[in-house]
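Asks: one predicted model, sequence on top.
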Amino acid sequence: MTRLLATLCLTTALALPLAARADEAADKLAEAKTLVQKTVIKNLENGFTVALEKTVAPMKDEKADAVRKEVRAEFENQRGIMVEGLAKEYADKFSLAELKHINEIYDDKTYQKFQTMNADPSSTVTTISQNAVTKLINMLTIAAAGENGGPAGMPMPAK
């Protein structure tokens, strides 16, 4: 009987750290999913909705509705894959405390204001960024054309 009691105590003592690690892993995954929803998925949703509406704008209503329904269904499928995959990756790479800290940053009202301004397609910030990126891409395109037999020394576009 004493041996049985000792075995049960030992088993319980050994199982507690495993249970604690399992709980922490579940907590990390939940925290990481929250983070993915606040960041990647939120930004993806905003960009996707704008792109979808631009795509279906010239379509007849019936066709536009069918495209919206089909593409939205696939978006939801991909969203689930992304949330699970990214959350697992973040949970593997960050501690629970780190994930909570990152989530707190994204909950900060000043940071949210900053992100909203950067995500607004009609903001001056977006216009400045887009103009700079467009100029850089044009420069790279011209450089590549020159390397591939295009006219060398072609003037850079003014923006």
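Replies: Done, it's in.

Asks: which element, helix or strand, includes residue 127?
Replies: In the assignment (DSSP states H and E), residue 127 maps to helix 124-147.

Asks: on contacts alone, who are the packing partners of that helix?
Replies: For helix 124-147, the contact count by 3 or more Cβ pairs under 8 Å, 6 or more residues apart in numbering; DSSP states H and E identifies helix 109-119 as packing neighbours. From N, CA and C alone the C-beta is placed, and that goes for glycine too.

Asks: which residues are in contact with the helix it packs on?
Replies: Residues lying outside helix 109-119 but in contact with it, judged by Cβ atoms under 8 Å, 6 or more residues apart in numbering, are 43, 46, 105, 106, 123, 125, 126.

Asks: with respect to residue 29, which of the residues you listed is nearest?
Replies: Relative to residue 29, the closest of the contacts of helix 109-119 is residue 106; by Cβ to Cβ it sits at 17.3 Å.

Asks: quick one: distance of the strand or helix carrying the closest one to the chain centre.
Replies: With the criterion set as DSSP H and E, the secondary-structure element containing residue 106 is helix 96-107. If you compare the mean C-alpha spot of helix 96-107 with that of the full chain, they lie 15 Å apart, counting by Cα atoms, centre = their mean, to the nearest Å.

Asks: between that helix and helix 109-119, how many degrees?
Replies: Helix 96-107 runs at 70 degrees relative to helix 109-119, counting by axes from the mean of the first three to the mean of the last three Cα atoms, to 10 degrees.

Asks: pick out the residue nearest the middle of this protein.
Replies: Ranked by distance to the mean C-alpha position of the chain (Cα atoms, centre = their mean), the top residue is residue 40 at 1.8 Å.
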